[in-house]
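**Student:** okay, here's the prediction I keep looking at, along with the sequence it came from:
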Amino acid sequence: MTPLEDYLLVSALLFSIGLAGALTRRNAILVLIGIELMLNAANLNFIAFWRYGPAPAALTGVVFAIFSISIAAAEAAVGLAIIVAAYRHSRTTDLDKMNSMKG
Amino acid sequence: MTIAFVMLAAIAAVGAVAAMLLRSAVHCVLALTVGLAGLAGLYLELGAQFVGFTQLLVYAGAVAILAVFAIMMTQGARAWAIGRFSTRWAAGGAIAAAVFAVLAWAICGSGVLAGAVGAAPSASVQEIGDALVHRYVLPLEIAGVLLTAALIGAVVVAMPGRAGGDKP
Amino acid sequence: MNWIVKNLWLIPALPMLAAGVSALAKQRSRALAAGLAIGSMAASFVLSVWAFVHVLARHSGVPETFSFRWFQFGDTWLRLGWLLDPLTAAMLAMVTFVGLLIFIYSVGYMEHDENFTRFFCFLALFAGGMLGVVIANSLLLLFMCWEIVGLTSYLLIGFWYQNPRAAAAAKKAFITTRIGDLAFLLGMVWLYSQTGTLLFYDGGAGAMEAGALAHMTTQTTVLGLTVSSAIGLLIFCGAAGKSGQVPLHVWLPDAMEGPTPVSALIHAATMVAAGVFLIARVYPLMSASMSAGPTVALKVVAWVGAVTAIFGATAAVAQFDIKRILAYSTVSQLGYMMMGLGVGGVAVGMFHLITHAFFKALLFLGAGSVIHGCGGEQDIRRMGGLRRAMPVTFAAYAAGMLALCGFPLFAGFWSKDEILHAAHRWSVSQTPFYLGAAGALLTAFYMTRQMYYVFAGTKRRVARAEAPEAGEFEDPTPHDHAAAHESPAVMTVPLMVLAGFAVLLGFVGTPAWPWFQGFLEGRAVGFDLHGFAEAGVLPLMMASTAIVFAGLGLGWWFYGRRAIASAEAVDAVERVGPRAFRVLEQAYYVDALYTATLVRANGWWAGVCDWFDRFVWNGVVQMVRFAVLGLAWLDNLFDTYVVNAGFDEGCREVSRGGRLLARLQVGRVQGYLRMIGLALVALALWLLWGAKA
């Protein structure tokens, strides 16, 4: 049995990598991918805790992960749609150029 | 830790790293798909078969393809040099590293996790379905509404038609 | 208290009120101004007659007074008030009656003048002031009304102020009388300090009453004078200024620049008489002495009066302006009045004052009528033959002239005789008597001269069709009449009324029936022919008659035998003694003397003050100015470098800080995300550290 910590460490690693990508990539879609990665890392966390947690019979972790996946999918769809719409408006997906909200 | 775990974890990690580092956007998406597949394997290893297959179906099947479609539509595959190594990378990397460090420290230093490891619980589809319909019926319905809204919204937002693009 | 005594104040108040109202009226409302003035004067006349009757019925020389408190300073109250006694009643009646006649005359005389309303306003104000002088019981109130009278005299002499001669004459009058008034004020203050009251009669406590007089006669002051004499002399200085005694007489001839009614009212009948009246009023003070015999004050009064009488008479001989002759005549007659007061007492002086008022006013109004009829001409050399052209004026003027000369049975005869009689009996010296007699001779002479020049002979009028510029500002704008003509009724009726008085008024003061003297002293007098038999009366009457006829004869000798040929002909007396004539014509060069000395001294002093003002006071002001400017400059420096710099720096700091903070909000999402990441790390660290520790 791999101990819980390892799963958690992997989850943390994936989360960090996703964060790094979200912070550094210039293309909006790739930022979105980074965010998907972060969500997935969180899902892994849930399942790991369900397996090794106190009440696995309640299936809380599993249901949560199912919902998370479905919502994440919806969110990805909407996000991509927005990026496409923004691309049509400004002909670019470079995040650096989308700074009209500056102060 | 078992071999299976190490291998699956490695696949997931490498895929993620590749997704973050590759130059071409399409390559990144495909690398992500590999990573998510690895993740699905981890789910299977943990005994959550339904989640694992759902992961494969939804993410690897739908989301990734959707992302590719989006890249195609925004012509992000070509054009500019994406990965310029500059302060941007350094700052982002540093923050990500810091976050990982903190999380790792929290995990390793915590005393909560030395609990008993019970037998693998059963998570059959039947049981999941039962749980969804009985205990979690409200979240189920809301999720359904939400998905419908998201679907319609995405279509509306992405729909070409009005000149000059839609107002955000 | 009797109603009339309590309301005696109405007599001066009504004309003053009329003056106030017409001052607010428009220039066009002539009827209003004239009506108010004449109406108020008529009302005052009625009240004066009432007062006169009241005093007559009382048969007492003791004054009735009414006083009130005016204001308080320290512990004492300053009180003002009025009094009614025979002297007051007689004077009131004369002033209001003569004033009323002159007001009526002025309606016709000033008809063509555009400043008609202003004239009547000033006349009414003058009347109010003069009547105030008459009724005043307080020396202070008298002084205040005295000044009002002086002011209106200035305003009226300079009525045609655009004429520089008139303006200069007004100034001269005011300043000359001011010099006298200064002494008057000193005397008043001294009196107050001596007696503690300025009221004349105050039920025993007044300044003219026994207690105060006793106090003042026992003290002596500089030159060995008693205090009462000294105060009396100071007050006499004021009277001398107002009544044109030598050496303060210089303003009277020049005052003829004013309109003729003004000359008649102010400078013949009333204002100049105010000085004489003042001496009569303070006569108890002037005559108070512990020993018998005249006091120093009365002696001075008599001598000054005598000198003035002869001075005026001699100067009048050589004048060519019809009004100037009358002016010097007035100076001379005022001298007579003062002499009368000095040698004979109140009754003697006042009697001549009252008769003089009537016939001198008559003469002036007649002269005005002559001037009006000749279209503004005032030089007697250019008149002539007016006897036929203006018969009513001639008759009235002749009556006045005879009264002035002292022709037997006319008013002036009785009053002048009283003065000469008293002078003859004066214990100190006979010189005033001889001076008075000589003056009487000269009076007859120069009046005859004037009559011959003006009324007799043929017309010597120089055609004035071109109307030279000076004519506009002199007596009334000439309406282009080629020949002399009689004046309208509104002017001749007052002349005739006054002529009647000039003839008849004297009979109230004859030796056979000295009613006037009795009236002033408050006793009834009966007609008694034995009055003529008193020592010295009849011889004196014959002597003065002889003098009058001598004067008339001399006048005829010089001017009546041959008609005066033309306007350029040399005067008969001038032919005899040209240098003497020149001196007399210039009135002994007194004016020139004053100009050379006093006026120059004053000018020098004014220059000194100017220098002082420009360099000393101005220097101080400039220093203050520089100090203020310096302070302002320092302040500016402070403001620019300290305040502004500090403030500006502060603002710039704020700006810089703002710009720094703005860098956080660049609008880039990943930047925000970076922040969130950092914050997450920091928060987690903090919580975990806390938990661990």
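**Tutor:** Everything's here; your move. Residues are numbered from 1 along each chain as shown, chains lettered A, B, ... in the order given.
**Student:** could you use CA atoms for every contact and neighbour count after this?
**Tutor:** Noted.
**Student:** would you map the helices across chain A?
**Tutor:** Per DSSP state H, chain A carries helices over the ranges A:4-24, A:28-52, A:60-90.
**Student:** give the contact list for C:Phe97.
**Tutor:** C:Phe45 (Cα atoms under 8 Å, 6 or more residues apart in numbering or on different chains).
**Student:** show the average pLDDT along the host helix or strand of it.
**Tutor:** Counting by DSSP states H and E, the element that carries C:Phe97 is helix C:86-109. Helix C:86-109 carries an average pLDDT of 90.
**Student:** check which helices and strands the next helix-or-strand element following it sits against.
**Tutor:** Downstream of helix C:86-109, the first helix or strand assigned by DSSP H and E is helix C:116-135. With contacts defined as 3 or more Cα pairs under 8 Å, 6 or more residues apart in numbering or on different chains; DSSP states H and E, the packing partners of helix C:116-135 are helix C:10-24, helix C:30-58, strand C:76-84, helix C:86-109, helix C:139-157, helix C:271-281.
**Student:** do that again at 6 Å, thanks
**Tutor:** Other helices and strands packing on helix C:116-135, by 3 or more Cα pairs under 6 Å, 6 or more residues apart in numbering or on different chains; DSSP states H and E, are helix C:10-24, helix C:30-58, helix C:139-157.
**Student:** could you redo those as CSV and give each row mean pLDDT?
**Tutor:** Formatted as CSV, the helices and strands packed on helix C:116-135 follow (pLDDT from 0 to 100):
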stretch, mean pLDDT
helix C:10-24, 90
helix C:30-58, 89
helix C:139-157, 93
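**Student:** dump those to JSON lines, plus distance to C:Tyr283 and mean neighbour count.
**Tutor:** Shown next, in JSON lines, are the helices and strands packed on helix C:116-135 (distance: least, Cα to Cα, whole Å; neighbours: other Cα atoms under 10 Å in any protein chain shown):
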{"stretch": "helix C:10-24", "distance to C:Tyr283": "23", "mean neighbour count": "22"}
{"stretch": "helix C:30-58", "distance to C:Tyr283": "20", "mean neighbour count": "21"}
{"stretch": "helix C:139-157", "distance to C:Tyr283": "13", "mean neighbour count": "23"}
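**Student:** out of those, which is closest to chain A?
**Tutor:** helix C:10-24 (76.5 Å; Cα to the nearest Cα).
**Student:** the closest one to helix C:86-109, inter-axis angle?
**Tutor:** 30 degrees (axes from the mean of the first three to the mean of the last three Cα atoms, to 10 degrees).
**Student:** using PDB, write down the CA coordinates of helix C:10-24.
**Tutor:** Provided in PDB are the C-alpha atoms of helix C:10-24 (Å, rounded to 0.1, in the frame of the first residue of the first chain):
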ATOM      1  CA  LEU C  10     -41.500 129.500  18.500                       C
ATOM      2  CA  ILE C  11     -40.400 132.900  17.300                       C
ATOM      3  CA  PRO C  12     -37.000 131.700  16.100                       C
ATOM      4  CA  ALA C  13     -38.100 128.200  15.500                       C
ATOM      5  CA  LEU C  14     -40.700 128.900  12.900                       C
ATOM      6  CA  PRO C  15     -38.400 130.600  10.400                       C
ATOM      7  CA  MET C  16     -35.800 127.900  11.000                       C
ATOM      8  CA  LEU C  17     -38.300 125.300  10.200                       C
ATOM      9  CA  ALA C  18     -39.300 127.200   7.100                       C
ATOM     10  CA  ALA C  19     -35.600 127.200   6.100                       C
ATOM     11  CA  GLY C  20     -35.300 123.500   6.700                       C
ATOM     12  CA  VAL C  21     -38.400 122.700   4.600                       C
ATOM     13  CA  SER C  22     -37.400 124.900   1.700                       C
ATOM     14  CA  ALA C  23     -33.900 123.500   1.800                       C
ATOM     15  CA  LEU C  24     -35.500 120.200   0.800                       C
END
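**Student:** show me what the helix or strand of chain B with the lowest mean pLDDT is packed up against.
**Tutor:** Least confident helix or strand of chain B, by mean pLDDT, DSSP states H and E, is helix B:87-109 with a mean of 86. Using 3+ Cα pairs under 6 Å, 6+ apart as the contact test, the elements touching helix B:87-109 are helix A:4-24.
**Student:** chain center to the helix it packs on: distance?
**Tutor:** Chain-centre distance of helix A:4-24: 10 Å, with Cα atoms, centre = their mean, to the nearest Å.
**Student:** angle of that helix against helix A:28-52?
**Tutor:** Going by the same axes, to 10 degrees, helix A:4-24 makes 170 degrees with helix A:28-52.
**Student:** how about residues contacting helix A:4-24?
**Tutor:** The contact list for helix A:4-24 (Cα atoms under 6 Å, 6 or more residues apart in numbering or on different chains) reads A:31, A:34, A:37-38, A:41, B:20, B:88-89, B:92-93, B:96, B:100, C:670.
**Student:** grab the nearest non-local neighbour of the closest residue to chain B within chain C.
**Tutor:** Of all residues in chain C, C:Val681 sits closest to chain B, at 5.7 Å by Cα to the nearest Cα. Among residues not flanking C:Val681 along the chain, B:Val99 sits closest, at 5.7 Å (Cα to Cα, 6 or more residues apart in numbering or on different chains).
**Student:** so who does C:Arg30 touch?
**Tutor:** C:Thr117.
**Student:** give me the distance between it and C:Arg614.
**Tutor:** C:Arg30 sits 48 Å away from C:Arg614, going by Cα to Cα, to the nearest Å.
**Student:** and if you look at C:Thr218?
**Tutor:** C:Thr218 is 51 Å from C:Arg614, by Cα to Cα.
**Student:** ok, which stretches of chain B are helices?
**Tutor:** Under DSSP H, chain B gives helices at B:3-21, B:25-46, B:49-55, B:64-73, B:87-109, B:125-134, B:137-158.
**Student:** and C:Gly238, how many neighbours does it have?
**Tutor:** 28 (other Cα atoms under 10 Å in any protein chain shown).
**Student:** that one sits in which helix or strand?
**Tutor:** helix C:227-242.
**Student:** what's that helix in contact with?
**Tutor:** C:177, C:180-181, C:183-184, C:187, C:216-217, C:219-221, C:248, C:272, C:275, C:285-286, C:297.
**Student:** can I get the helix or strand just after it in PDB? Just the C-alpha atoms.
**Tutor:** For helix C:227-242, the succeeding helix or strand toward the C-terminus, using DSSP H and E, is helix C:251-254. Extracted in PDB, the C-alpha atoms of helix C:251-254 (Å, rounded to 0.1, in the frame of the first residue of the first chain):
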ATOM      1  CA  TRP C 251     -15.800 143.400   5.900                       C
ATOM      2  CA  LEU C 252     -18.900 145.700   5.900                       C
ATOM      3  CA  PRO C 253     -18.200 147.700   2.800                       C
ATOM      4  CA  ASP C 254     -17.200 144.600   0.900                       C
END
